[in-house]
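# Take this sequence and fold it.
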Amino acid sequence: MSNMNKIYSSSLLIILSAALLFSCTKDISKIGVDVVGKNPLNVVYTDTITIETYSELIDSLRTDELSAHVLGAMVDPVFGTTNASVYSQFRIADEYETTPFIGENTELDSIILYIKYAEEKIYGDTNYMQHFTVYELGEDLIRDTAYYAFQNLRTKSDIIGEASFIPRFDSVTYITKPDDPFNTKPDTLSKIRPIRIPLSEDFGNRLLNLDLEKYQTQEAFLEEFKGLYITTLNQNVPSSGGSMVMANLNDPETYIMLYYHNDTSSYIDNGTEIFYNFEFKYKVDINAARFSNYNHYNYADADADFRRQVIDGETELGVQKIYLQGMGGVRTTIKFVHGQKIPDYYNYAVNEAKLLLYNVDEESNLLPIDKLTLSQKFIVDGDTSNFLITDASGGERYFGGAYNSSDERYYFRITQYLQQLIEGKTDDNELRIEIIGGAVHPNRLVAGGSMPTGLEEKRLVLQLIYTKIDNDE
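This next block holds a predicted model:
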């Protein structure tokens with residue numbers, strides 16, 4: 001048997017046998033007795049399949065070059081403190097044969113870091129004032145290198161920027177002057193105000209006065225200016241509450257703008273010399289290296305039950321609650337305890353198998369994630385990987401995974417997966433639940449375990465309908 005065939009072996013003998021032997025099963029109907037005679041089809045429903053479940057830390061999560069990067073800090077009553085930071089390059093827009101700055105005797109006016117964020121992606125207390133701190137990197141970021149959520153890079157010692165920020169979602173209106181004011185109306189565009197962090201004059205003057213050779217190639221510029229680290233210092237992490245924003249780094253509205261003037265860029269107004277600015281932009285484009293760092297502080301201030309299960313490894317506590325968290329946090333494993341191939345699997349057909357997962361968290365201002373994913377383990381040539389189960393190919397409406405807020409639950413349809421177990425086409429009876437896009441979503445979930453005390457109606461449950469042919473031999 002090939003290695004790939006070995007991947008698909010195991011099954012469900014005791015699961016389905018238990019469903020038949022114990023009184024908890026319900027005989028829905030006997031179909032075609034008048035035709036089959038003594039060999040009726042028994043359609044059986046059960047929701048008492050034994051499930052073992054527990055939550056664990058995600059050991060590694062790649063966070064380089066994401067579609068968005070989480071920024072901010074908050075204290076969750078269950079999961080404790082999390083601090084989300086970003087490392088990023090900033091690149092020049094072109095390679096210059098002559099100085100990129102206009103005029104003689106240029107002088108710095110200011111240098112500002114602007115960060116665009118997603119309006120609909122604020123997590124936590126939207127009225128909380130965040131405090132961001134910026135450092136210059138002291139080591140290279142490399143574009144095609146894998147970076148993980150737990151990694152840190154060396155930074156220079158001096159703080160080069162700080163700012164407080166509340167995501168108010170107020171907008172600023174930009175009016176673009178037309179080329180021909182007699183024939184064209186001004187263009188008006190409203191945008192959410194970005195995060196605005198003033199950077200130090202010393203840093204700005206260094207960029208303004210770099211030797212020309214540093215602006216002649218991207219490589220030379222990045223050797224001089226390796227990038228920025230944007231974070232929340234530990235002393236600014238909240239004692240409770242807090243919030244996080246989804247920062248769009250690879251966006252035209254995220255950049256460093258250097259404002260300057262020269263000795264001829266002025267005019268006299270009522271006897272006063274007024275200087276007007278020139279601008280030079282450093283941007284985060286598609287080629288810029290960047291990654292997120294997520295610090296969970298070893299979950300030192302997390303809920304005691306969470307720590308016992310996830311940190312101390314008391315997996316039996318999964319009968320009460322299970323946990324999921326984005327940002328390289330926590331995932332959940334589900335096992336069907338009794339599993340081996342059914343010799344007469346051809347006498348069994350799984351009509352429907354649905355796994356239900358209920359939200360049991362009462363912390364109403366921390367919304368659960370919109371979507372979860374369900375995968376199974378495959379071992380090929382000694383390497384372990386996880387892939388979506390076969391049922392996922394049926395699409396979201398069939399497979400599930402989306403949160404139903406009215407029922408406070410998720411479902412996954414795993415009919416084909418269980419049929420494969422019965423037939424010995426997969427040897428894995430262990431599934432893994434994770435947050436979709438966990439690298440970029442800060443959301444979390446507290447769900448009912450397999451036998452939660454006082455919350456039996458919100459237990460993790462497999463609802464199974466199957467048909468058994470009774471052979472008369």
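# gap between the nearest residue to L212 once chain neighbours are set aside and L464?
Spatial nearest neighbour of L212, chain neighbours left out: T99 (5.7 Å); criterion: Cβ to Cβ, 6 or more residues apart in numbering. Where C-beta positions appear, they are placed from N, C-alpha and C, glycine not excepted. Relative to L464, T99 is positioned 73 Å away (criterion: Cβ to Cβ, to the nearest Å).
# who's more crowded, these two?
Neighbours per residue (other Cβ atoms under 10 Å) separate T99 from L464, with L464 holding more: 25 against 12.
# That one against T50, yeah?
No: with contact defined as Cβ atoms under 8 Å, L464 does not reach T50; the gap is 11.9 Å.
# Just want the phi and psi numbers for I422.
Backbone geometry at I422, expressed as degrees, to the nearest 10, gives phi -60, psi -40.
# Count the residues that sit near it.
25.
# Find me the pLDDT at the nearest residue to it once chain neighbours are set aside, would you?
Leaving aside its sequence neighbours, I422 sits nearest to Y345 (Cβ to Cβ, 6+ apart; 4.6 Å). Looking at Y345, its pLDDT is 75.
# quick one: least confident helix or strand in this structure?
Lowest by mean pLDDT, DSSP states H and E among the helices and strands of the chain is helix 3-7, with a mean of 38.
# which SS state does the residue nearest to L212 fall under?
coil (DSSP: H, G, I helix; E, B strand; the rest coil).
# Show the contacting residues for T81.
Residues near T81 by Cβ atoms under 8 Å, 6 or more residues apart in numbering: 73-75, 237, 296-297, 300-301.
# Assumed it was part of a helix.
No: going by three-state DSSP, the assignment for T81 is strand, not a helix.
# what bridges to it?
V75 (DSSP bridges).
# what's the answer for F165, then?
Beta-bridge partners, per DSSP bridges, of F165: Q130.
# my guess is it meets Y128, correct?
No: using Cβ under 8 Å, F165 is not in contact with Y128; the gap is 9.7 Å.
# C-alpha coordinates for stretch 232-251, PDB please?
Extracted in PDB, the C-alpha atoms of stretch 232-251 (Å, rounded to 0.1, in the frame of the first residue of the first chain):
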ATOM      1  CA  THR A 232       3.000  49.900  22.400                       C
ATOM      2  CA  LEU A 233       5.500  50.100  25.300                       C
ATOM      3  CA  ASN A 234       4.800  47.900  28.300                       C
ATOM      4  CA  GLN A 235       4.200  50.900  30.500                       C
ATOM      5  CA  ASN A 236       1.500  52.000  28.100                       C
ATOM      6  CA  VAL A 237      -0.300  48.700  27.900                       C
ATOM      7  CA  PRO A 238      -3.700  49.100  29.600                       C
ATOM      8  CA  SER A 239      -4.500  47.400  32.900                       C
ATOM      9  CA  SER A 240      -7.900  46.500  31.500                       C
ATOM     10  CA  GLY A 241      -9.700  47.000  28.200                       C
ATOM     11  CA  GLY A 242      -7.800  48.500  25.300                       C
ATOM     12  CA  SER A 243      -8.200  48.100  21.600                       C
ATOM     13  CA  MET A 244      -6.500  47.100  18.400                       C
ATOM     14  CA  VAL A 245      -6.700  48.400  14.800                       C
ATOM     15  CA  MET A 246      -6.100  46.700  11.500                       C
ATOM     16  CA  ALA A 247      -3.200  48.700   9.900                       C
ATOM     17  CA  ASN A 248      -3.000  48.700   6.100                       C
ATOM     18  CA  LEU A 249       0.700  49.000   5.600                       C
ATOM     19  CA  ASN A 250       0.800  48.000   1.900                       C
ATOM     20  CA  ASP A 251      -1.400  50.900   1.000                       C
END
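# list the buried ones in it?
The neighbour-count check on stretch 232-251 (16 or more other Cβ atoms under 10 Å) flags 232, 236-238, 242-251 as buried.
# Over to stretch 426-437?
For stretch 426-437, by 16+ other Cβ under 10 Å, it's 426-429, 431, 433-435, 437.
# And the furthest pair within the buried residues of stretch 232-251?
Distance extremes for the buried residues of stretch 232-251: the farthest pair is P238 and N250 at 28.3 Å, using Cβ to Cβ.
# Test for you: state the pLDDT assigned to the residue sitting furthest away from the middle of the chain.
Going by Cα atoms, centre = their mean, the residue of the chain most distant from its centre is G271, 57.2 Å out. Note on G271: pLDDT of 81.
# cool, I15 as well?
pLDDT at I15 comes out at 42.
# what is the rounded mean pLDDT of stretch 75-94?
pLDDT averaged over stretch 75-94 gives 96.
# re earlier: now, which of the buried residues of stretch 232-251 lie within helices?
Among the buried residues of stretch 232-251, DSSP state H puts none in helices.
# secondary structure class for the closest residue to I92 other than its chain neighbours?
Spatial nearest neighbour of I92, excluding adjacent residues (Cβ to Cβ, 6+ apart): F221 at 5.2 Å. On the three-state scheme (three-state DSSP), F221 is labelled helix.
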